[in-house]
Each structure stands twice: as C-alpha cells, then as structure tokens.
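Trainee: got a predicted model here, sequence first, then my questions.
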Amino acid sequence: MSGWTHVASSTPLSLARSFAFGLLQAAVLLAVAPLLRGVIKKMKAAFQTRQGPPLLQGYYDLAKLLRKEPVRSETASWVFVAGPRIYFATAVAATMLVPVLFAGAPLEQAGGILVLVGLLALGRFTLAIASLDTGSPFGGMGGSREMTVAALAEPALMLGLFTVALWAGSLNLGDLVRTTAQRGPSGHPSELLAAAALFIVLLAEAGRVPVDNPATHLELTMIHEAMVLEYAGPDLALVEWASALKELLFMTLLVNLFLPLGLAASAAPGAIAVSGALYAGKVFFLAVAVTLVESTNAKLRFFRVPELMALSLGLGFLALAIRFL
Amino acid sequence: MSGALDPAAWLPAALALRLGSIGLALGLARRPAASRWAALGGSCLASLLTGALAWSVLATGRAVGGSLLSHTASGFVLSYSVDRLSAWFLLVLALLGIPIAMYSLGYLGHGILARRSPFVAVGFSVLMGAVEMVFAADGIVGFLFAWELMTLANAALVATEHEVGETRRAAFLYLAMSHVATGCLFAGFLILAAAAGSFSFTHVLAGAPVSGARRHAVFLLFLAGFGVKAGVIPLHVWLPEAHPAAPSSISALMSGVVIKTGIYGLFRVCAFGLGPPHPGWGVLILACGGVSAVLGVLYALMQHDLKRLLAYHSIENIGIILLGLGAGMTALSSGRAELAAVGIAASLYHVLNHAVFKGLLFLGAGGVVMATGTRHIEDMGGLAKRMPWTALFFLVGSAAISGLPLLNGFVSEWLLFQAFLFGFQRSPEALVRFLFPVAGALLALTSALAAACFVKAFGVTFLALPRGEGAAKAHESPWVMLAPQAFLAAMCVVLGLVPGFVLEELRGVAASLPGVRPAPEMVRGLFAIAPGPGRFDHLTPPLVALAVVLAAGLAGALSLRAGYRVRRAPTWGCGGELSARTEYTATAFSKPLMMIFSAIYRPTREVQTVGAAYFPREVRYRAEIEPTFERFVYGPLTRGVLAAAERMKVIQAGSLHAYLAYVIALVVSLVLLLWWRG
C-alpha cells in the first residue's frame, strides 16, 4: 500500500488509487452496516425472549424504501432535499478517513481525527436544519435535542480521541493505528478510561439507550427519529443507511484505536482474511456490549443525559491526567 | 516617496482620495443618491489602494512607511508605517470594506435610512479611514488620534436611528465604555513613553522600557483598554447593544473589523510590544478567550433578535481568536518559537475568517430585516422560498461560523486545535499540560454549541412557514446587495480550500514578530497545511471536498430512481391544521440548553393563563435569563460612579471664579511638586 505516503509526494495516480480504495472501503462498510443493526436487534429480541425480525430485515427495508415514491411536504424547500444527501455523503466520506482492515486509512492524506469529527458534525448540522423545514413540530423537537446532545458529546469525544492520539503522537488515524499496532496495547489504565469515555459517546452518537431509543416513536422520548420523521421513500433510506454506517464507523474507530490487532499491512489475501475475521469478531464483541447496555438500562430522562456526558468528559480528563501529568 | 508605483505613496493617496470623496459627498448631501455614490465609491477606491499596499507588503516582506504631516515649527511629524502585522489587518479591512461599501449603495437607499444616507455613507468612510490609520499608525499620538476618531465615528453611526431610545442608550454605553478604555490606553502609553523618552512605536514598543511590577501593570492597562474594544467578557456589555442598533452594513463592519482593532492592539502591544511575555499573561489571555468563547456562544443561543444573536457570536469568535493568541503567548513565554507560530497563525487566520463570515451574516441579516421589517426571528420563517439567494449565502455563512469542514472556519479552528495538541505534545511544562487540553475541550464545546445556535438561527429564520406578515410579504434583496454576499460566501469556500496559500502569508507575518519562528513545514503546497515538521497531523481540504462530492454523487445515484416523481403532500399538523403556530419556535429550540446550563443563565419564567382554568383562552409565556454581568458587575459600578458624582457636585458650583481658582491651585501645586522632586 504505497498510497499512504504524504500528500507532498502524492501523484494524481496515487490519489486516484486512494480514492478508489476509499470508495471500495466505504462500499464494504455500507454493505455491512445494516447487518450490524440486524444483529443487535436480534440479540435484543433474544434478551426479551422474542424472536425478533430477520437478520437481513435492514436490507429488505432499504430496498423497499429506495424503490418507493418519495413524498415531500408542500412546505419544504430545497434544504429538505439536500439534508439526507449531505448527511449520507459526509458519513461515506468519513469512512474513507478511518482504518478498517488495513493499518492505514485510504484517504489519510486528507486529514485525521479533526476532519472525521468535523464531517460528522457537518452531516448532523444539515440534517438538523432540514428537520425544521416541514413546519412539523416533531422535526424541530428532534433537531433541537439532537444538537443539544451533540454539543455535550463533542468535548467528551474530542478529549477521548486526544488521549489516544497524543499517546501515539499523531492525530492522523493512519499514523495513529500504525503506531499503536506496532507497540501493541499497553494495558495502561488511561486506555481503559478513554475507551469507557468513548463508549459512552458511541451510545449517544448512535442514538442508543440510555440516550435515545431507536425503537420508539413516542414523541416524548424521540430524538433522532423525531428529527427524520417527515422523511419517506429514498430520502428516508439515505438517512437510515447513513445512520447505520455512522454507528459502524464509531464501533470501528473504537475497536481499531484500542485493539489494533491483526490489521493487514499489505493487500495479501491471507492477511486480509485474518484481519477481516478479527475485525468482525471485535465489532461483534462491541455489539454485544451495546446490546447488554440497551437491554439492562432504561432510557434516561433527557435532562439526565448531560450527567452521562459529564461522566464521559470526566473519564476523558482522568485518562489524560493519569497518562501525562 | 517618488512615483505612483512606489507603495509608500499609496496610503497617503488613499487618505487623500477618502477625504476628497467625503468632501464631495458632503457637498452633494442634498442629493442623497449622488452623495452615497461619492462617499462609498471613494471608499471602495481607497480600500483598493490600501489593500494593494497591504498585499505588496505581505508579498515583499518589506515594511513601508512615510510621513503624512509634518509641522516644522513644533517638530511634530505624523508618520505611518505598515509592517506585515499591520498589512494583515489592513488587508482584512480592505477585503471586507469593499463588499460592504457596495452593499451599502443599495441598502442605505431604503426606508428610514434613505434621508440620512449621505451622513451614514460619510460616517462609514470616516470610520474606514480611522481604522486604516489605527492599523498604520507608528506613534502614540497618531494611534490615539485615529483610535478616538474611530470611536467617535462609530458612536455616531450607532446612533443613526436616534429616535429610538434604545439606540441612544446603546450609543451612550458605547461611548462611555470606549472612553474608559481609551483612558487605560492613555495611561499605559504615557507610562511607556515616559520610560522610553519617545512617542514613536519603534522606541516605545521595542522590548520593555519598564520592568517588574510596572510591566505587569502596563500589560493589564492595555489588556483592559483593548479588551473593551474587542468585546472580551466581562468588558463586552456594550457590544450586544451597539452592534444591533447600527444599520446592518455598519454592524458588518463593526463586527468584522472594528472590534479587531482591539485584537490588533493586543498583538502589537501586549503580546509583542512589552518584551518577552510573562507566563501568566498567556494564561490570562487564554482564560479571557475561553470565557468569552463559551459564554459568548451560550448567550447567543438565548437571543431571538437576529442581529443581537450575531453580535454575541462576535464575542464568541473574539474568544476563539484570543485562545490562539493565548496559546501562542504561552509557548512564547517558555521560548518555543515554532509552537508560538501555530497559535499566532491560528489566531490571525481566524481574524480573517471571522471578518468574512460575520460580514456575510450581517449583510444577510440586513437584507432579511429590510425585507421583513423585524429583527425578531420568531416573526420570520419561510424566507428560503422568498429570498432564495440570501438563504443560500446565509447558510454558507452559518456553516462557516460553526467551524464545519469544507469552509474557512474549520481551517482556523483546526489550526487552533493543533496549537493546543501539538503544543501539548512538544511542551513538558505542567502548566501547558493542564491548560491546553482544557482549552481544547472548551473549543470543541464552543463550536458544537455554535452549530446548534446556527441550526436555530437559519432554520427558524428561513425555513417552514412564515410566522409573521412581514415574512410572508418578503422579497429578495436587489442584486447590488446580493453580489457582495455572493463574493463573501465564495471567500468562505476559497479560504477553506487553499489553506496553504493563506498560511504562507501568515508564516511571513508570524516570522516578523519578535521571538516567533514558524516552521517551514507548516505549509505543504497550496492545498495542505500542518502544525510543523513530522507527521503529527496535516489537512488537505480539497481532498475532503472531493470525497464528499463523490459520496454525494453516490447518494444522488442511489435515490435517482425515484427522484423525478415526487409527490407533494401537506405536513401532518398533529390533528389540527398546520400553521405557523404549530412550528417549533426558536425559544423551544434552545430550551433544552437553557435548562442544562441553567446555572449560568439563571432563567426566570412566567406563565399566565387567561380565561377559565381548564379551558384557557390564551396562555402567555415569558422566559428571561439573568443578565449576570449587567446586573452584578455593571450595576454596582454604575451606582458607585453616580454616587461619587453626586458627592463631587459640590466642587462643580457653576461659578467661573471657583473654576479659575482650581486651575491656579493645580498649576501651583504641579510647580511645587516639580520643584520639590527636581
């Protein structure tokens, strides 16, 4: 993978290869993301001794939604149409910055952690703005709550990521993963604290219990679902797909930052197979953790969420303090 | 000083042009349209000249200077000098001054402003000239003269609509606070001038003529003096009153550049004019920046007056700029020349970016206020369909000020994060290790809250159904007002996509400052930047943009099949009819944050039901936040000053004899004092 050189030495050809690699990686993650949601749903159902929807239900839903006729509000303007597309685009672009199976990210010349967080913020910003476009009170309610939670989660997310990045000496995800993969997990308590902090942020960003309930349409408790309530057909498919991708992206980030084991250093089929199997295992492990949290906790009252985010922020500071002070 | 091609002649030429056009505009005051053209056209040409001068200084790296006025008998010379730091600020001023002047041509011709437009246009030109002189002055006398001229012109412009009591109050508050600030500057400059024995900046600000506790006192005097002008919390109270009260094009100039004169002063004097900064200074600036950024955006979230909201965001952005300066000064005080450059560059980059997007937002807000006749966003809505271009440009500005990628705000905030994190990486001092991550977390919180605020500001103003009659009847602004917005929106994109180009100039500016040595590796071609050598981090925005565009193409392709047969249906109105009354309001949108940060806001609310208890005819709701600084800091201060004035009334008897006696007593005691000490 010679494409991972610095931009100063990059040629149009190597850039084209990076983009092709990036799109391929995004396509793979896009293909897997609905399955992850299906797995979590199935496991949650098992906890409740229900059978649950089929594992592939997410794909059926997407296929159906993409074929359906879009219905849009008479009140809405072009902003409403742009929202899901930009949301989807930023999520897909963000996947290109993250190392998944390889010890490097396809588009690491473009930027690192800050760009990744920025892109996700851009997607959220456009979708929240679009939620105000139909004149329905639900949209505004969801948009307001989503931006509030995001504002509280952002410092915690940054601090957790900074702890890992500063230890590795790079904010670039490719460099960071290569450094930690070489060094191996240190088992330093700071790493555990940072991982816990980021896990809480994952729950918030993915709209999981105890922050949000993805399975509800009760207006008192909805956050993300309220924001996208007015979308239908292909527009909704894009939102759903991008949200699933975002969740997988956060999980990928978490497992590859803290357990960068077995990441392929070359494009050899054997290495990819090993890396793929390990990756699937790690993400599955995290999915089990998310399911456990979802099944054993009640959704927090909205005004208790700040306490959870403060906990995450505190863990982040503590992680930074015990490592560097 | 020979020939028109010598850049040294451009500043005097610009001033002469400005004075000439002002004279012409005053002469034509009876014919407002011609007068506007004279004043604003002249201002545009003068700005072109100063912009070209600034660019030539940045490009060649050679400072340009000369004298504007010399009086042989007294030996007084009013001279100017434009070095790289001045040139950067002059360039920002020109870049914003030209679009604003063009916008004003259309904007000032409407409504109540039309009759007064010659004076507003002249005032604008005077203000521009005064700010140019502030940036170009190279001596205490010239600087303070320009500073006062700027304050007075600005106060006059704030009072444009002086029939409104609030406006008069805002202008008075501005004047009062500005004069206290100027008093601080006078004191600081006199102490320095007495120690250096000269009024020229080259002597006064070269290293430290004073030392020890005196140096700290001088630093604090200047921090207070320049802090008022910049709107640093807790010295900010005039800003959210004065900026909204002025005509919108003036608000754009005030928020975009005039408050940056405070930042310029902090750079020129506090950071680089008093010798190597004490570690405590950097910490103090960082603290001011952090408090201003977070409280600025928190207060902005609670504003539902569009222009007031933007004014509070100016406080937030001044905070961000100070965070960069503070990081730079902290690095400087421990002798890390390369790290200091990152903070300084981030700060100066944000000066430019804030001028561009805040100028854009105020111009857009001006168009909206003109079209709807209200500043209250709860009465707006549905403007995206009625004013599509204004909506698009305002959206670009909103995304840029929220620090979102692909636009300029992101790049300067990225650099600022680098200043903190790269600084953390490279400095083992415990102080840095503690402060920088906290500052980074505050910056993350600030930009996320700003995004929430602009979702509200844009969504409630431009989307869904109009909430008031003014909004329902609104029309798009004329092209003469849209073109400047288009230009500034394009600048938001361009400054976000070619950071290498901008940073190359900033590297030059930083290198010209004492003690700062920017690493050449910061700039990696036109499109890529990094905090320094090595692989700590880098940013190549065009690649990010390309990735997003490709992915957006994918999204378009996926939803293409159904894209051309869309069914339109009314939004479900929760069982009733959908109207503007069912829409989510700005108050409701920011309510969760008001509850969460209630310790800061200390909200009070009042619910009033009219009619029977169970079947009310009307429910009135009022929520208010506590104006903490106004009530607990300025309230007692004002009362104290008034009480003191009451006591001192005795000596103001109104008798001329008494006043003459005071003068004589003062002169005699001064002579005695000199005689005794000498």
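Mentor: Yes, it's here.

Trainee: what's the strand or helix carrying B:Pro118 packed up against?
Mentor: Assigned by DSSP states H and E, B:Pro118 belongs to helix B:113-136. If contacts are counted by 3 or more Cβ pairs under 8 Å, 6 or more residues apart in numbering or on different chains; DSSP states H and E, helix B:113-136 sits against helix B:10-27, helix B:32-60, strand B:76-82, helix B:84-107, helix B:140-158, helix B:248-253, helix B:260-265. No exception for glycine: its C-beta is placed from N, CA and C like everyone else's.

Trainee: can you tell me which of those the model trusts least?
Mentor: Note on these: lowest mean pLDDT is at strand B:76-82, with a mean of 87.

Trainee: can you mark which positions in it are buried?
Mentor: Residues B:Val77, B:Leu78, B:Ser79, B:Tyr80, B:Ser81, B:Val82 are the ones in strand B:76-82 that count as buried (16 or more other Cβ atoms under 10 Å in any protein chain shown).

Trainee: what does stretch A:256-266 give?
Mentor: A:Asn256, A:Leu257, A:Phe258, A:Leu259, A:Pro260, A:Leu261, A:Gly262, A:Leu263, A:Ala264.

Trainee: and those, which two are furthest apart?
Mentor: The span of those, defined through Cβ to Cβ, is set by A:Phe258 and A:Ala264 at 18.1 Å.

Trainee: neighbours of residue 66, how many?
Mentor: If you meant another chain, say so; for now it's chain A. 18 (other Cβ atoms under 10 Å in any protein chain shown).

Trainee: oops, I was thinking of chain B
Mentor: The number of residues packed near B:Gly66 is 18, by other Cβ under 10 Å.

Trainee: B:Val671 now?
Mentor: Neighbours around B:Val671, by other Cβ under 10 Å: 10.

Trainee: check which helix or strand covers it.
Mentor: Taking DSSP H and E as the definition, B:Val671 sits inside helix B:656-677.

Trainee: repeat for B:Ala483
Mentor: Using DSSP H and E, B:Ala483 falls in helix B:479-497.

Trainee: which helix or which strand is home to the closest residue to chain B within the stretch 51-200 of chain A?
Mentor: The minimum distance from the stretch 51-200 of chain A to chain B, using Cβ to the nearest Cβ, falls at A:Gly140 (2.3 Å). Secondary-structure assignment from DSSP H and E places A:Gly140 in helix A:137-168.

Trainee: low-scoring pLDDT stretches of chain A, where are they?
Mentor: Across chain A, the ranges flagged by pLDDT under 70 are A:1-10.

Trainee: would you map the helices across it?
Mentor: A:12-47, A:57-67, A:78-95, A:113-131, A:137-168, A:173-183, A:189-205, A:224-227, A:233-258, A:269-296, A:305-324 (DSSP state H).

Trainee: for B:Phe420, find the nearest of those helices.
Mentor: helix A:137-168 (8.8 Å).

Trainee: B:Leu298 is nearest to which of the helices of chain A?
Mentor: Once the helices of chain A are compared by Cβ to Cβ, helix A:137-168 is nearest, at 10.2 Å.

Trainee: tell me the domain boundaries of chain B?
Mentor: With domains defined by automatic domain parsing, chain B comprises B:292-553, B:632-677.

Trainee: most tightly packed of these?
Mentor: domain B:292-553 (a mean of 24; mean count of other Cβ atoms under 10 Å in any protein chain shown).

Trainee: in the stretch 51-200 of chain B, what residue is nearest chain A?
Mentor: Chain A sits closest to B:Ala59 of the stretch 51-200 of chain B, with a gap of 23.4 Å, by Cβ to the nearest Cβ.

Trainee: check the burial of that residue by counting its neighbours.
Mentor: Neighbours around B:Ala59, by other Cβ under 10 Å: 11.

Trainee: got it, and the one 4 residues further on?
Mentor: For B:Ala63, the neighbour count with other Cβ under 10 Å is 16.

Trainee: all helices for the stretch 451-600 of chain B, in order.
Mentor: Along the stretch 451-600 of chain B, counting by DSSP state H, counting those that start in this stretch, helices occupy B:469-472, B:479-497, B:499-511, B:541-558, B:586-596, B:598-601.

Trainee: among those helices, which is nearest A:Phe284?
Mentor: Per Cβ to Cβ, nearest to A:Phe284 of the helices of the stretch 451-600 of chain B: helix B:541-558, 26.6 Å.

Trainee: quick one: the closest one to helix A:113-131, angle?
Mentor: Here the directions of helix B:541-558 and helix A:113-131 differ by 40 degrees (axes from the mean of the first three to the mean of the last three Cα atoms, to 10 degrees).

Trainee: turn the buried residues of stretch A:256-266 into CSV, including distance to chain B.
Mentor: As requested, the buried residues of stretch A:256-266 are exported to CSV (distance: Cβ to the nearest Cβ, whole Å):
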residue, distance to chain B
A:Asn256, 18
A:Leu257, 15
A:Phe258, 19
A:Leu259, 22
A:Pro260, 17
A:Leu261, 23
A:Gly262, 23
A:Leu263, 18
A:Ala264, 21
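
Trainee: okay, now the unreliable bits of chain B?
Mentor: B:1-4, B:561-564.

Trainee: and the residue nearest the centre of it?
Mentor: B:Ser255 (3.7 Å; Cα atoms, centre = their mean).

Trainee: interface residues of the stretch 551-678 of chain B facing chain A?
Mentor: B:551-552, B:554-556, B:558-559, B:561-563, B:565-574, B:578, B:580, B:582-585, B:588-593, B:595-596 (Cβ under 8 Å from any Cβ of the partner chain).

Trainee: are any of those residues buried, and if so which?
Mentor: B:551-552, B:554-555, B:558-559, B:562, B:571, B:578, B:580, B:582-585, B:589-593, B:596.

Trainee: for chain A, what is the nearest residue in chain B?
Mentor: For chain B, Cβ to the nearest Cβ, closest residue to chain A: B:Tyr584, 2.3 Å.
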